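[1] got a structure for you, letters missing:
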């Protein structure tokens, strides 16, 4: 994906641009304060490369989920439901922490990365179960279309040739009728 390369280049040069005092998502995830960056350039590049690789892997798993969701509507609904539930849970947890802060609570809204991977794994579990179900039972619209395509492929060459021949004859008749009318 070309965006990974441009993202890597942008984040690599970010500390040396006039916009270096603005915080990026990378700064928030990596815990960097843009006003107090003191990493050496090669350390900074290493952090950026690691971030871009993780971002790419997570984007690819989202792309795979979208591909599965594109084929079956049930899988799409399960994926959307998982995303919606995760967002609602994050919002609820943030509001609860903000309402009743305890000593040492992080009020930034950040969660441990392990919790994010657990949520992602749970979503994939439900998506794969829905996908397997759809493979076995089939989604009605997709299944009907698929069955029609398979039946057509199973038709012999002779049947398809006969259909095409009858179509061409009917096209020829309509053309000859048009010519006869022009001659009148």
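    Perfect, I can see it now. It should be emphasised that the depicted structure is a prediction, and the values quoted were computed from it without experimental measurement. Numbering: from 1, shown residues only.

[2] may I see the buried residues of stretch 82-99?
    If you call a residue buried by 16 or more other Cβ atoms under 10 Å, then stretch 82-99 has these buried ones: 82, 94. Quick note: C-beta positions are derived from backbone N, CA and C, even for glycine.

[3] how many neighbours does residue 114 have?
    Residues near residue 114, counting by other Cβ atoms under 10 Å, number 8.

[4] okay, now the domains of this protein?
    Annotated domains of the chain cover 1-71, 73-138, 139-184 [automatic domain parsing].

[5] as a whole number, average confidence for the first one?
    I take that to be domain 1-71. Averaged over domain 1-71, pLDDT sits at 80.

[6] nearest residue to the middle of this protein?
    Geometric centre of the chain, nearest residue: residue 63, 3.2 Å, by Cα atoms, centre = their mean.

[7] and the gap between that one and residue 101?
    38 Å (Cβ to Cβ, to the nearest Å).

[8] repeat for residue 38
    Counting by Cβ to Cβ, the gap from residue 38 to residue 101 is 30 Å.

[9] the two: which has the busier surroundings?
    Neighbour count, other Cβ under 10 Å: between residue 38 and residue 101, residue 101 has more, with 11 against 8.

[10] how would you label the more buried one: helix, strand or coil?
    Assigned by DSSP: H, G, I helix; E, B strand; the rest coil, the conformation of residue 101 is coil.

[11] what's the end-to-end length of stretch 9-24?
    Taking Cα to Cα, to the nearest Å, the first and last residues of stretch 9-24 lie 14 Å apart.

[12] for the lengthiest helix in the chain, packing partners?
    In the chain, with assignment by DSSP state H, the single longest helix is helix 41-71. Applying 3 or more Cβ pairs under 8 Å, 6 or more residues apart in numbering; DSSP states H and E, we find helix 41-71 packed against helix 2-13, helix 25-30, helix 73-99, helix 113-137.
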